[in-house]
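Participant: got a predicted model here, sequence first, then my questions.
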Amino acid sequence: MFKLNGLIVTLRVGLSALCLLSSYSCLGQTNLVANAGFEQGWDNWIESDKDGRSASISGDTLEGEKSAKLTSSSGTFAQVIEVRANTSYRLSAAVKGTGIVGVKLGDQLFFERQSSTKNWKTVSVSFNSGDSTRAIILAQHNGKKSLFDNFELVTDDVVSGISNQSITLAATGKSPDLPPGSNFDLLAWYLATPEPDSKGLSTRITERELNAGYQHPDYFYTADDGGMVFRATVAGARTSNNTKYTRTELREMLRKGDVSINTVGANGTPNANSWVFSTAPNKDKKLAGAVDGILKASLAVNHVTTTGEAYQIGRVIIGQIHASDDEPIRLYYRKLPNNDNGSIYAAHQPHGGKDKWYEIIGSRSNSADNPENGIPLNEEFDYEIRAKGNHLHVLISKGGELIGESQIDMSDSGFDRRGEYMYFKAGVYNQNNSGDPEDYVQATFYALEATH
């Protein structure tokens with residue numbers, strides 16, 4: 001919550017609610033941006049930091065002593081500036097690392113993305129104000145640590161047209177006009193869907209195809225509110241002949257499209273495309289692309305199956321850590337037909353062993369009562385899976401408030417042995433193969449981030 005010119009405003013992660021801000025007048029300055037180099041910290045800027053550690057002032061600068069730093073999608077910052085109608089402007093900023101620089105006019109967003117760079121680089125956005133007399137300049141995280149310095153907004157009468165992308169901006173801060181790969185950084189994931197490939201198995205979409213704008217009208221697309229929709233019917237192709245259920249699910253790929261790195265290491269060992277727990281042998285840690293990790297997601301489950309065998313109805317996996325052969329964690333959402341709310345629970349599968357179950361919110365029972373603190377369909381919530389050494393910590397929150405958590409001790413689970421490698425998964429993994437063929441599970445993700 002922030003106070004600007006006497007107006008109390010609540011900022012959501014990303015760009016939502018920015019249109020509610022009152023104006024800060026910088027009109028008449030050559031550079032219309034106040035405190036453009038952050039030498040006065042966050043003065044004149046509206047900073048949103050959902051988790052309290054994703055937006056900060058840094059000493060790594062292009063000029064002066066301070067810059068702004070974003071380390072995850074939970075952080076963003078913006079400034080509201082009065083502009084003249086029907087006037088051409090140019091917004092520029094120095095960016096180091098990755099980042100998005102943009103300007104919002106009404107329901108339109110003009111922006112440029114900066115891919116990873118070790119040096120400072122100027123990113124520019126040209127636009128015409130049209131009927132607007134207020135512009136919101138903003139910055140967002142773009143997959144890795146982002147540093148920003150020296151913002152500048154000036155009139156640019158030589159601009160004859162708008163070369164940057166003009167899109168509709170939903171209340172979520174994402175655009176329904178763009179494919180998921182433009183609203184989310186998907187370069188570190190590939191996708192499996194129920195659409196059959198030439199061999200009758202699940203179609204797999206590579207990291208670069210996802211990032212370039214792949215979508216499917218039935219299984220993977222952008223919602224009207226800009227969210228990333230995953231949908232999987234009971235009928236459909238599976239990822240292998242040994243898999244029982246369909247899925248529309250992302251699989252973490254640390255190689256980020258670098259096909260010189262194999263998906264899996266030689267003889268099933270860790271490689272630069274996978275990660276290991278910090279309890280793994282030193283040799284495996286040297287082979288792996290990362291050690292330990294955190295998966296964070298914001299989502300709403302929109303639909304679950306209502307037909308089929310009682311033990312399969314209403315359940316869907318929304319996040320996982322997958323090992324070489326087993327699954328250190330599968331995170332489930334389940335809502336029974338007669339209940340208003342859904343439950344959250346987890347399964348831990350030790351190496352070569354049987355599942356151990358952890359109920360986090362409500363019960364996983366086939367006849368569970370309605371969980372009072374459960375989550376109904378279409379209600380947004382967050383999950384976080386923290387993996388460190390032999391310890392897993394799962395946290396479920398809603399509206400910024402923790403509503404459930406579970407700790408899993410993996411000391412005797414066998415994942416500290418040679419040859420074990422890990423990767424995160426997220427989306428919908430349908431856990432029903434007995435229902436009507438067109439019955440389905442669906443979830444819409446509004447944020448997704450894997451860090452190591």
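Facilitator: Received, thanks.
Participant: any idea which helix or strand carries residue 38?
Facilitator: Using DSSP states H and E, residue 38 sits within no helix or strand.
Participant: in space, what's closest to it - neighbours in sequence excluded?
Facilitator: residue 66 (4.5 Å; CB to CB, 6 or more residues apart in numbering). C-beta: built from backbone N, CA, C; applies to glycine.
Participant: now do the strands in the stretch 51-200 of the chain.
Facilitator: In the stretch 51-200 of the chain, the strands defined using DSSP state E, counting those that start in this stretch lie at 55-58, 67-70, 75-82, 88-105, 108-128, 134-140, 146-155, 167-168, 189-196.
Participant: what would the ones you listed look like in JSON lines with mean neighbour count, distance to residue 325 and mean pLDDT?
Facilitator: JSON lines is the format used below for these (neighbours: other CB atoms under 10 Å; distance: least, CB to CB, whole Å; pLDDT from 0 to 100):
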{"stretch": "strand 55-58", "mean neighbour count": "18", "distance to residue 325": "40", "mean pLDDT": "95"}
{"stretch": "strand 67-70", "mean neighbour count": "25", "distance to residue 325": "37", "mean pLDDT": "95"}
{"stretch": "strand 75-82", "mean neighbour count": "22", "distance to residue 325": "37", "mean pLDDT": "93"}
{"stretch": "strand 88-105", "mean neighbour count": "23", "distance to residue 325": "34", "mean pLDDT": "90"}
{"stretch": "strand 108-128", "mean neighbour count": "17", "distance to residue 325": "33", "mean pLDDT": "82"}
{"stretch": "strand 134-140", "mean neighbour count": "23", "distance to residue 325": "38", "mean pLDDT": "93"}
{"stretch": "strand 146-155", "mean neighbour count": "21", "distance to residue 325": "37", "mean pLDDT": "92"}
{"stretch": "strand 167-168", "mean neighbour count": "16", "distance to residue 325": "43", "mean pLDDT": "67"}
{"stretch": "strand 189-196", "mean neighbour count": "22", "distance to residue 325": "18", "mean pLDDT": "96"}
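Participant: same list (these) but as a markdown table, adding distance to residue 31.
Facilitator: Output for those, formatted as a markdown table (distance: least, CB to CB, whole Å):
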| stretch | distance to residue 31 |
| --- | --- |
| strand 55-58 | 20 |
| strand 67-70 | 16 |
| strand 75-82 | 10 |
| strand 88-105 | 10 |
| strand 108-128 | 14 |
| strand 134-140 | 11 |
| strand 146-155 | 5 |
| strand 167-168 | 26 |
| strand 189-196 | 39 |
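Participant: and of the ones you listed, who's closest to residue 329?
Facilitator: strand 189-196 (17.8 Å; CB to CB).
Participant: with only the CA atoms kept, save the closest one in CSV.
Facilitator: Extracted C-alpha coordinates of strand 189-196, given in CSV (Å, rounded to 0.1, in the frame of the first residue of the first chain):
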residue,chain,number,x,y,z
TRP,A,189,10.6,-24.3,-20.0
TYR,A,190,9.2,-26.7,-22.6
LEU,A,191,5.6,-27.7,-22.8
ALA,A,192,3.8,-31.0,-23.1
THR,A,193,0.1,-31.1,-24.2
PRO,A,194,-2.5,-33.8,-24.9
GLU,A,195,-2.3,-33.1,-28.7
PRO,A,196,-0.8,-36.2,-30.3
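Participant: wait, doesn't the residue nearest to residue 38 sit right on residue 43?
Facilitator: No: assessed by CB atoms under 8 Å, residue 66 is found out of contact with residue 43, at 10.8 Å.
Participant: these two: which is more packed in?
Facilitator: residue 66 (18 against 9; other CB atoms under 10 Å).
Participant: what sits against that one?
Facilitator: Neighbouring residues of residue 66 by CB atoms under 8 Å, 6 or more residues apart in numbering: 37-39, 41, 57-59.
Participant: ok, it to residue 32 distance?
Facilitator: For residue 66, the distance to residue 32 (CB to CB, to the nearest Å) stands at 20 Å.
Participant: just checking, what packs against the host helix or strand of residue 300?
Facilitator: Residue 300 belongs to strand 293-303 when assigned by DSSP H and E. Contacts defined by 3 or more CB pairs under 8 Å, 6 or more residues apart in numbering; DSSP states H and E place strand 293-303 against strand 315-322, strand 381-388, strand 423-430, strand 440-451.
Participant: residues touching the following helix or strand past the first one, excluding its own?
Facilitator: With elements assigned by DSSP H and E, the helix or strand that comes after strand 315-322 is strand 329-334. In this structure, residues lying in contact with strand 329-334 by CB under 8 Å, 6+ apart are 301, 304, 314-321, 342-349, 364, 368, 375, 383, 385, 392, 394, 408, 429, 431, 443.
Participant: repeat the analysis, applying 7 Å as the threshold.
Facilitator: 301, 314-321, 342-348, 364, 383, 385, 392, 394, 408 (CB atoms under 7 Å, 6 or more residues apart in numbering).
Participant: dump the residue contacts of residue 257.
Facilitator: Residue 257 makes contact with 187, 207-208, according to CB under 7 Å, 6+ apart.
Participant: can you check what pLDDT the model gives it?
Facilitator: On pLDDT, residue 257 comes in at 87.
Participant: ditto for the one 5 residues further on
Facilitator: Among the per-residue scores, residue 262 holds a pLDDT of 94.
Participant: that one - how many residues pack around it?
Facilitator: 11.
Participant: does it sit in a helix, a strand or a coil?
Facilitator: coil (DSSP: H, G, I helix; E, B strand; the rest coil).
Participant: and it, how close does it get to residue 274?
Facilitator: 10 Å.
Participant: next: residue 405.
Facilitator: Where residue 274 is concerned, residue 405 sits at a distance of 27 Å (CB to CB).
Participant: run through the protein and note the low-pLDDT ranges.
Facilitator: 1-29, 156-167 (pLDDT under 70).
Participant: how is it carved up into domains?
Facilitator: As assigned by automatic domain parsing, the chain contains the domains 2-168, 180-451.
Participant: list the contacts of residue 449.
Facilitator: 72-73, 296.
Participant: could you do residue 146 as well?
Facilitator: Residue 146 neighbours (CB under 7 Å, 6+ apart): 69-70, 95, 97-99.
Participant: now it. Nearest residue, chain neighbours left out?
Facilitator: residue 99 is the one closest to residue 146 (CB to CB, 6+ apart), at 3.6 Å.
Participant: that neighbour against residue 139, yeah?
Facilitator: Yes: Residue 99 is within contact range of residue 139, at 6.1 Å (criterion: CB atoms under 7 Å).
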